[in-house]
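Engineer: have a look; sequence and predicted model below, questions after that.
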Amino acid sequence: MSVQAFGLSDDDRRPPLNDLLEVVQHGLAHKPKRLPSWLFYDERGSQLFEQICEQPEYYLTRCEIALMAEHAGSIADSLGADVRLVEYGSGNAQKTHLLLQYLHEPVTYVPVEISAEPLRQSIERLSDEFPLLPLQPLCADFTKPLRLPIPPRAPRRTVLYFPGSTIGNFDSHEAVSLLRKMRNEMGDAGGILVGVDLKKDTASIEAAYNDRAGVTEAFTLNMLVRLNREIGSDFELAKFTHRAHYNPMAGRIETHIVSQCDQQVKVGRSKVVFRTDEAIQVEYSCKYSLADFATLAARAGLAVKKVWSDPQQMFSVQYLVRTSALAG
């Protein structure tokens, strides 16, 4: 079996319950209230996100998969031979499968995923599909410094793969910090292959985050279900709703959990007061023009070497290298 030690490399930095309670209390004491988006991704949240990706309004996954199916060979040629591919937030690795088919003599694939069960399922499947490819799964929070497994042989370069427009879930300051971290982890000869959602009409963007089937709403409110289970809070789901709207000035979808009435919620030993229509900010989803993202990358010491996009310019996959490497 090509899965290294099959027991997942455990670098899971999710906080213990006392720390989680502190994170939630701090966020709800903030004005305006806010909670981190990583709280979405318990096992149920990960399942719901996969359902979101199947909704007709959610163009992002559909466009990115079509793009990868069309250009995976070209992308693999650009990455070159003997690559160690490290994927941030690998999930079910659906898009990665398309790329792995074309990579030239890959050294190893390192999926990094905070949710253990989706990670386990994906490596079982990939082990069957790519029996000669070394797999080195890492259960970890990719926003923290990573202890990457030692590869089975020396790679020519390390490429960090960050699909799905997840980079858009970070504001510009956070995104630059994450890109700088990735720049350090990829090394001098490495690169970053990143999915970037492009700016387009407001109606298309907002529909993607407000699907008619209500899956995105269930995904958002599942955060409260998780908090009730893990820290013993008493959020009543019927008294909250999901709201996502596009802010064209900031170039981002802003997702909130909104109180439907005046109420109090137990969080630890204290009560948190909510007024009618008061919102908890839970996620940003930033959209970029090609020029916007090139500017963002430059702030992290990175340059865009190549861009692949769909014919409608809905979505892009971009290959970043160190600014000095491109200049050379």
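Structural biologist: Alright, I've got the coordinates. Being a predicted model, the structure only gives us computed values, none of them experimental.

Engineer: so which residues of the chain form helices?
Structural biologist: 17-29, 43-52, 59-79, 94-100, 116-129, 172-186, 202-208, 215-231, 290-299, 323-327 (DSSP state H).

Engineer: of these, which approaches Tyr88 most closely?
Structural biologist: Tyr88 sits nearest to helix 172-186 of all these, at 7.8 Å, using Cβ to Cβ. (Glycine included, C-beta is placed from N, CA and C.)

Engineer: check which helices and strands the closest one sits against.
Structural biologist: Packed against helix 172-186 by the contact rule (3 or more Cβ pairs under 8 Å, 6 or more residues apart in numbering; DSSP states H and E) you find strand 157-162, strand 191-197, helix 290-299.

Engineer: partners of the second one, with directions?
Structural biologist: Paired neighbours of strand 191-197 in the sheet (DSSP bridges): strand 157-162 (parallel), strand 315-322 (antiparallel).

Engineer: got the angle between the longest one and helix 59-79?
Structural biologist: With axes from the mean of the first three to the mean of the last three Cα atoms, to 10 degrees applied, the angle from strand 315-322 to helix 59-79 works out at 40 degrees.

Engineer: ok, the closest residue to Val307 other than its chain neighbours - how many residues close by?
Structural biologist: Spatial nearest neighbour of Val307, excluding adjacent residues (Cβ to Cβ, 6 or more residues apart in numbering): Gln318 at 5.1 Å. The number of residues packed near Gln318 is 23, by other Cβ atoms under 10 Å.

Engineer: was I right about Val176 contacting Phe293?
Structural biologist: No. Taking Cβ atoms under 8 Å as the definition, Val176 is not a contact partner of Phe293, at 11.4 Å.

Engineer: compare these two (neighbour count), which wins?
Structural biologist: Phe293 (24 against 18).

Engineer: got the contact list for the more buried one?
Structural biologist: Taking Cβ atoms under 8 Å, 6 or more residues apart in numbering, we find Phe293 in contact with 196, 304, 316, 318.

Engineer: the first one against Cys286, yeah?
Structural biologist: What that stands for is Val196. No. With contact defined as Cβ under 8 Å, Val196 does not count as touching Cys286 (9.2 Å).

Engineer: Leu237 against Leu224, yeah?
Structural biologist: Yes. With contact defined as Cβ under 8 Å, Leu237 reaches Leu224; the gap is 6.0 Å.

Engineer: what about those two, which has more around it?
Structural biologist: Shown here are Leu237 and Leu224; by other Cβ under 10 Å, Leu224 has more neighbours (22 against 13).

Engineer: separation between the more buried one and Leu146?
Structural biologist: Look at Leu224 and Leu146: by Cβ to Cβ, to the nearest Å, they are 30 Å apart.

Engineer: again with Glu70
Structural biologist: Distance from Glu70 to Leu146, by Cβ to Cβ: 31 Å.

Engineer: go on, Cys261?
Structural biologist: 43 Å.

Engineer: who has more neighbours, these two?
Structural biologist: Remark: of Cys261 and Leu146, Leu146 carries more neighbours, 21 against 13, as counted by other Cβ under 10 Å.

Engineer: which residue sits closest to that one, ignoring its sequence neighbours?
Structural biologist: Ala140 (5.9 Å).

Engineer: would you confirm that the one you found contacts Val112?
Structural biologist: Yes. Contact criterion Cβ under 8 Å: Ala140 and Val112 qualify, at 5.4 Å.

Engineer: which neighbours do those two share?
Structural biologist: With Cβ under 8 Å, 6+ apart as the test, Ala140 and Val112 both reach Leu146.

Engineer: next, work out how far apart the residue of the chain most remote from its centre and Lys31 are.
Structural biologist: Going by Cα atoms, centre = their mean, the residue of the chain most distant from its centre is Asp262, 33.5 Å out. Distance, Asp262 to Lys31, by Cβ to Cβ: 17 Å.

Engineer: Cys63 now?
Structural biologist: 37 Å.

Engineer: next one: Ile192
Structural biologist: From Ile192 to Lys31 the distance is 35 Å (Cβ to Cβ).

Engineer: what's the burial count for Lys305?
Structural biologist: Lys305 has 15 nearby residues by other Cβ under 10 Å.

Engineer: hmm, Val107 is touching Pro155, no?
Structural biologist: Yes. Between Val107 and Pro155 there is a contact at 4.2 Å, judged by Cβ under 8 Å.

Engineer: contact partners for the closest residue to Glu87 other than its chain neighbours?
Structural biologist: Among residues not flanking Glu87 along the chain, Tyr161 sits closest, at 4.4 Å (Cβ to Cβ, 6+ apart). By Cβ under 8 Å, 6+ apart, the residues touching Tyr161 are 85-88, 96, 99, 193-194.

Engineer: tell me the one among the residues you listed nearest to Leu126.
Structural biologist: Thr96 (8.0 Å).

Engineer: what distance do you get for the nearest residue to Arg299 once chain neighbours are set aside to Arg183?
Structural biologist: Closest residue to Arg299 apart from its sequence neighbours, by Cβ to Cβ, 6+ apart: Val176 at 4.7 Å. According to Cβ to Cβ, Val176 stands 10 Å off from Arg183.
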